[in-house]
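**Student:** no FASTA, just this:
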């Protein structure tokens, strides 16, 4: 049985059955009383019964229309107590009145109203027995206590159920809020990686070329640097537009992966070499995208920090996996002392690692001062062997 927000029982359709039962019992009790008593006794008792029925009908209509009806219950309980004491034939209607008392009142008022109804019924039935049948006196009282205990238990269970529903709803709301927050954080992290691997790296390269051109101006090499910077910034603009539109790089989406990797690395390292091992094949889009961004970020790091003379990219196709190694013979560094991300940079390695690990792969950096650097990634592909391969 559902509960209201206050823990009270929501009677639903039960009240209609109670009202119908009360009407049937009052008619039957009225007929019984008329048949057993003289006409002079009938008039005022029947008038009192009609008043009780009228008051009961008023209460039922007000309750149905959601209008205040509780104050009327005090009058009903008082009239009903008089009726069942003087005319015990109507005692069976006490069940409906008891139900209304528990529906209308809370706390001690409910106990008093219900107890009054049970006590009046007990007195009336005891009078009916001529004051000789103690069961007539104790029966209604015991029934009242039993119904009170049952009703209290139902109310308590309804309240507990309501609280559980509220707790579940609150937990679901917290979970939804947590998932939304996690989704926002993941999206922000993803966008920050995309911006770092495209816009930031491209702008940094353009700035370096323009600075070199400024230093050597008006030498012929300065014009070449300006031309390269212009081309790089145009590519960067294209990357920015593609970032706005689905965060992809259209120029690399449909090219064979080895070719796309070579183009991504050549933006920063014109003389980079590419080697492919194993049989080239189509890879899942998320794996392909991660490989492109790792190569792009690693090549940018080599250009800006490594002071390397040579660099190479090795792409390896394995059963159910793919590997990527980006090597340079630059000055190297100690990976354990790599700076934390800040406004000055430091996002590259973290972004690469996150990309690979989010796809279930393994990312590692092997380097030492003066010994160059190897950035390595292993990614599961989860595709069937024998699929159509990619060609260079």
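**Tutor:** Nice, I can see it. In this text the structure is predicted, and so the values were computed from the model without any measurement.
**Student:** And the contacts of stretch 28-48?
**Tutor:** Contact with stretch 28-48 is made by 49, 79, 82, 83, 86, 87, 89, 90, 91, 92, 93, as judged by Cβ atoms under 8 Å, 6 or more residues apart in numbering. Yep, even glycine has a C-beta here, placed from its N, CA and C like the rest.
**Student:** got JSON lines for those, with pLDDT too?
**Tutor:** Output for these, formatted as JSON lines (pLDDT from 0 to 100):
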{"residue": "49", "pLDDT": "84"}
{"residue": "79", "pLDDT": "86"}
{"residue": "82", "pLDDT": "87"}
{"residue": "83", "pLDDT": "85"}
{"residue": "86", "pLDDT": "81"}
{"residue": "87", "pLDDT": "81"}
{"residue": "89", "pLDDT": "79"}
{"residue": "90", "pLDDT": "81"}
{"residue": "91", "pLDDT": "80"}
{"residue": "92", "pLDDT": "80"}
{"residue": "93", "pLDDT": "79"}
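**Student:** Tell me the one among the residues you listed nearest to residue 293.
**Tutor:** Nearest to residue 293 among these is residue 93, at 81.0 Å by Cβ to Cβ.
**Student:** Is the closest one in contact with residue 22, as I believe?
**Tutor:** Yes. Using Cβ atoms under 8 Å, residue 93 is in contact with residue 22, at 5.6 Å.
**Student:** Between the two, which has more neighbouring residues?
**Tutor:** residue 93 (26 against 23; other Cβ atoms under 10 Å).
**Student:** List the contacts of that one.
**Tutor:** 22, 25, 26, 29, 80, 84.
**Student:** which residue sits closest to residue 82, ignoring its sequence neighbours?
**Tutor:** Distances taken as Cβ to Cβ, 6 or more residues apart in numbering place residue 48 nearest to residue 82, at 6.7 Å, with adjacent residues excluded.
**Student:** The one you found in helix, strand or coil?
**Tutor:** helix (DSSP: H, G, I helix; E, B strand; the rest coil).
**Student:** Report how many residues lie close to it.
**Tutor:** Using other Cβ under 10 Å, residue 48 is surrounded by 17 other residues.
**Student:** for residue 382, same thing?
**Tutor:** Residue 382 is flanked by 12 other residues according to other Cβ under 10 Å.
**Student:** wait, doesn't it sit right on residue 319?
**Tutor:** No. Contact criterion Cβ under 8 Å: residue 382 and residue 319 do not qualify, at 11.3 Å.
**Student:** nearest to residue 266, of the contacts of residue 93?
**Tutor:** Using Cβ to Cβ, the contacts of residue 93 come closest to residue 266 at residue 22, 91.4 Å.
**Student:** now the contacts of stretch 28-48: which count as buried?
**Tutor:** Among the contacts of stretch 28-48, those buried by neighbour count (16 or more other Cβ atoms under 10 Å) are 49, 79, 83, 87, 89, 90, 91, 92, 93.
**Student:** Just the buried positions in the helix or strand hosting residue 317, please.
**Tutor:** Assessed by DSSP states H and E, residue 317 sits inside strand 311-318. Buried residues in strand 311-318, counted by 16+ other Cβ under 10 Å: 311, 312, 313, 314, 315, 317.
**Student:** In CSV: the residues you listed, plus pLDDT and distance to residue 98.
**Tutor:** Shown next, in CSV, are the buried residues of strand 311-318 (pLDDT from 0 to 100; distance: Cβ to Cβ, whole Å):
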residue, pLDDT, distance to residue 98
311, 94, 91
312, 95, 91
313, 96, 86
314, 96, 87
315, 96, 84
317, 95, 82
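**Student:** measure the residue nearest to residue 141 when sequence neighbours are not counted to residue 17 for me?
**Tutor:** Computed as Cβ to Cβ, 6+ apart, the closest residue to residue 141 that is not its neighbour in sequence is residue 122, at 5.1 Å. Separation of residue 122 from residue 17 (Cβ to Cβ, to the nearest Å) stands at 25 Å.
**Student:** Neighbour count for the two, which is higher?
**Tutor:** Ranked by neighbour count (other Cβ under 10 Å), residue 122 and residue 17 place residue 122 first, with 24 against 12.
**Student:** Surely the more buried one is in contact with residue 137?
**Tutor:** Yes. Counting by Cβ under 8 Å, residue 122 does reach residue 137; the two are 5.1 Å apart.
**Student:** Dihedrals phi and psi, residue 364?
**Tutor:** The phi/psi pair for residue 364 (degrees, to the nearest 10) reads phi -150, psi 150.
**Student:** And for it, the neighbour number?
**Tutor:** Using other Cβ under 10 Å, residue 364 has 13 neighbouring residues.
**Student:** same question, the one 4 residues further on
**Tutor:** Burial measure for residue 368: 11 neighbouring residues, criterion other Cβ under 10 Å.
**Student:** How about residue 350?
**Tutor:** When counting by other Cβ under 10 Å, one arrives at 16 neighbours for residue 350.
**Student:** still on that earlier bit, as TSV, the contacts of stretch 28-48 with distance to residue 349 would be great.
**Tutor:** Conversion of those to TSV gives the following (distance: Cβ to Cβ, whole Å):
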residue	distance to residue 349
49	91
79	87
82	90
83	89
86	95
87	94
89	93
90	89
91	88
92	85
93	84
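**Student:** Could you list the low-pLDDT ranges of the stretch 201-350 of the chain?
**Tutor:** Within the stretch 201-350 of the chain, the ranges that satisfy pLDDT under 70 run 201-216, 220, 222-223, 225, 227, 234, 236-254, 339-347.
**Student:** what about 80?
**Tutor:** Scanning the stretch 201-350 of the chain for pLDDT under 80 picks out the ranges 201-254, 337-348.
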